[in-house]
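Chemist: sequence-free structure coming up:
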């Protein structure tokens, strides 16, 4: 016998069951719709991850077991870089390309940075993506290569290689309207540049020009990073810099330049007081 109370309870169960089925159906439909919608969206490419350390490969070609002495590479590094090695974490990786495993590492590493393996001579050093062939060339460049890579990765937070090169557009974003803009080109191991740094650091945040305090904006560009060597040559051409003044340190303002430590120290503040860095226009430079 079904009482009124039981009928009422069964009705509630029926309604709840139908509601549950409806909810499940709606959830499934929403998931399917979401999946269909996402297929039309552009694929999100993850940002390039910065390495946790500077990787320095030393590739050499030697089958004579008694002739192999990888310690020479470590000694060379500590002779040329030892006093500044503490600045950045690094890893030295000697690889003998005469062996099958070493050759595979060499080919894979070169390919990962877009480098060809044609016409390569050993020994070869790779720091970040930069290549240096021959012992004398390695010794001459290893210090600057280490410091440039450290600055790129840990200070400026980008990695230069043949597959990824920030363009001048990145620099243009740093040019602010209403600021006295100074474009400063330097080399990280240049004695004149090193001597100039304290002066540039001591410049005031703003300089009085046209009756107003005009903010000072210094954009520092390392000529040995990425395609910055091409960039400074574009500046040389655009500003008609004489050949005997085409060296670092050099600063560019709106329509003039100052070359050398002494000239920059003596003339920069005066030019800023004249508003020489206002309305700075970046010279033409290929972005591709």
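Modeler: Cool, the structure landed. As the structure is a prediction and not an experimental result, all values here were calculated from the model. Numbering: from 1, shown residues only.
Chemist: what kind of secondary structure is residue 266 in?
Modeler: Using DSSP: H, G, I helix; E, B strand; the rest coil, the structure places residue 266 in helix.
Chemist: Mind listing residues that contact the one helix or strand residue 91 maps to?
Modeler: Counting by DSSP states H and E, the element that carries residue 91 is strand 90-96. Under the criterion Cβ atoms under 8 Å, 6 or more residues apart in numbering, residues 53-62, 68, 70, 73-74, 77, 102, 105-106, 146, 150 lie in contact with strand 90-96. Where C-beta positions appear, they are placed from N, C-alpha and C, glycine not excepted.
Chemist: where along the protein do the helices fall?
Modeler: For the chain, the helices defined by DSSP state H cover 4-38, 71-81, 100-112, 135-150, 168-172, 191-201, 228-238, 261-273.
Chemist: Please state the offset of the longest strand seen in the chain from the chain centre?
Modeler: If you go by DSSP state E, the chain has its longest strand at strand 212-222. Its chain's average C-alpha position is 21 Å from that of strand 212-222, according to Cα atoms, centre = their mean, to the nearest Å.
Chemist: between it and helix 228-238, how many degrees?
Modeler: If you take axes from the mean of the first three to the mean of the last three Cα atoms, to 10 degrees, strand 212-222 sits at 130 degrees to helix 228-238.
Chemist: residues in contact with residue 190?
Modeler: Applying Cβ under 8 Å, 6+ apart, the residues contacting residue 190 are 248-249.
Chemist: In contact with residue 121: list those residues for me.
Modeler: Taking Cβ under 8 Å, 6+ apart as the test, what residue 121 contacts is 133-134.
Chemist: The same query, at a cut-off of 10 Å, please.
Modeler: Residues near residue 121 by Cβ atoms under 10 Å, 6 or more residues apart in numbering: 61, 133-134, 137.
Chemist: what do you get for residue 267?
Modeler: Residues counted as contacts of residue 267 (Cβ under 10 Å, 6+ apart) are 251, 256, 258, 276.
Chemist: now do 8 Å
Modeler: Counting by Cβ under 8 Å, 6+ apart, residue 267 has contacts residue 258.
Chemist: buried subset of the contacts of residue 121?
Modeler: residue 61 (16 or more other Cβ atoms under 10 Å).
Chemist: Run through this protein and note the low-pLDDT ranges.
Modeler: 1-49, 158-173, 285-288 (pLDDT under 70).
Chemist: Break it into its domains for me.
Modeler: 54-155, 168-273 (automatic domain parsing).
Chemist: Let me have those domains in JSON lines, adding distance to residue 280 as columns.
Modeler: Below are these laid out as JSON lines (distance: least, Cβ to Cβ, whole Å):
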{"stretch": "domain 54-155", "distance to residue 280": "23"}
{"stretch": "domain 168-273", "distance to residue 280": "4"}
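Chemist: State the number of residues packed around residue 120.
Modeler: The tally of other residues near residue 120 (other Cβ atoms under 10 Å) stands at 15.
Chemist: for the nearest residue to it once chain neighbours are set aside, what are its contacts?
Modeler: Sequence neighbours aside, residue 133 is the residue nearest to residue 120 in space, at 7.0 Å (criterion: Cβ to Cβ, 6 or more residues apart in numbering). Residue 133 makes contact with 120-124 under the criterion Cβ under 8 Å, 6+ apart.
Chemist: Could you dump those into JSON lines with distance to residue 234 added?
Modeler: Below are the contacts of residue 133 laid out as JSON lines (distance: Cβ to Cβ, whole Å):
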{"residue": "120", "distance to residue 234": "30"}
{"residue": "121", "distance to residue 234": "31"}
{"residue": "122", "distance to residue 234": "35"}
{"residue": "123", "distance to residue 234": "34"}
{"residue": "124", "distance to residue 234": "30"}
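Chemist: In strands, which of the residues you listed fall?
Modeler: Within those, residues falling in strands by DSSP E are residue 124.
Chemist: Quick check: buried residues in stretch 189-196?
Modeler: Within stretch 189-196, the residues scored as buried using 16+ other Cβ under 10 Å are 190, 192-193, 196.
Chemist: and the contacts of strand 90-96, which are buried?
Modeler: Buried members of the contacts of strand 90-96, counted by 16+ other Cβ under 10 Å: 54, 56-62, 73, 77, 102, 105-106, 146, 150.
Chemist: and the two most separated of those?
Modeler: 62 and 150 (29.4 Å; Cβ to Cβ).
Chemist: I figured residue 62 was touching residue 68, is that so?
Modeler: Yes. The pair residue 62 / residue 68 is scored as a contact, 5.0 Å apart, by Cβ atoms under 8 Å.
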